[in-house]
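[1] Give me a model of this one.
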Amino acid sequence: MSFWTAIVLIVAISTISGVFIERYKAMGRIGQQSRTPRQEHDLSAAERHEINDLRERIKVLERIATDGNSLDAQETKRIAAEIDALRDKQAD
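    Prediction:
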């Protein structure tokens with residue numbers, strides 16, 4: 001193997017390895033140590049309590065957003081409005 005062949009092989013190997021490293025970084029397999037959030041066991045009791053409270057609030061908001069727009073909820077609102085209208089007619 002000549003000197004120039006060895007140089008070309010070294011450059012090719014380093015280029016190919018650089019491409020693979022960037023590919024795996026983009027896929028999230030390498031370098032996650034600096035980008036991962038704190039683990040659950042690293043949190044204090046107050047932080048865990050706050051996170052649990054926020055999760056419960058999100059669940060309630062999701063239920064409000066989805067339940068209020070379902071067909072059953074719309075039908076219930078329509079029936080309640082009809083009952084209120086009948087009560088108003090009886091009061092007059």
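
[2] Which elements pack onto the helix ranked longest in the chain?
    In the chain, taking DSSP state H as the definition, the longest helix is helix 3-27. Here helix 3-27 touches no other helix or strand, going by 3 or more C-beta pairs under 8 Å, 6 or more residues apart in numbering; DSSP states H and E. All C-beta spots, glycine's among them, are computed from the backbone N, C-alpha and C.

[3] for that helix, the distance to its chain's centre please.
    With C-alpha atoms, centre = their mean, to the nearest Å as the basis, helix 3-27 stands 35 Å off its chain's centre.

[4] Beyond that helix, next helix or strand please.
    Counting by DSSP states H and E, the element after helix 3-27 in chain order, helix or strand, is helix 45-67.

[5] Dump that next one to PDB, keeping only the CA atoms.
    Coordinates of each C-alpha in helix 45-67 appear next as PDB, following Å, rounded to 0.1, in the frame of the first residue of the first chain:
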ATOM      1  CA  ALA A  45     -40.800  16.300  47.100                       C
ATOM      2  CA  ALA A  46     -42.200  19.800  46.400                       C
ATOM      3  CA  GLU A  47     -41.300  19.500  42.700                       C
ATOM      4  CA  ARG A  48     -42.900  16.100  42.500                       C
ATOM      5  CA  HIS A  49     -46.100  17.400  44.200                       C
ATOM      6  CA  GLU A  50     -46.300  20.300  41.800                       C
ATOM      7  CA  ILE A  51     -45.800  18.100  38.800                       C
ATOM      8  CA  ASN A  52     -48.500  15.800  40.000                       C
ATOM      9  CA  ASP A  53     -50.900  18.800  40.500                       C
ATOM     10  CA  LEU A  54     -50.100  20.000  37.000                       C
ATOM     11  CA  ARG A  55     -50.800  16.600  35.500                       C
ATOM     12  CA  GLU A  56     -54.200  16.400  37.300                       C
ATOM     13  CA  ARG A  57     -55.000  19.900  36.000                       C
ATOM     14  CA  ILE A  58     -54.200  18.800  32.500                       C
ATOM     15  CA  LYS A  59     -56.400  15.700  32.800                       C
ATOM     16  CA  VAL A  60     -59.300  17.900  33.900                       C
ATOM     17  CA  LEU A  61     -58.700  20.300  31.000                       C
ATOM     18  CA  GLU A  62     -58.600  17.500  28.500                       C
ATOM     19  CA  ARG A  63     -61.800  16.000  29.900                       C
ATOM     20  CA  ILE A  64     -63.500  19.400  29.700                       C
ATOM     21  CA  ALA A  65     -62.300  20.000  26.100                       C
ATOM     22  CA  THR A  66     -63.300  16.500  24.900                       C
ATOM     23  CA  ASP A  67     -66.500  15.900  26.900                       C
END
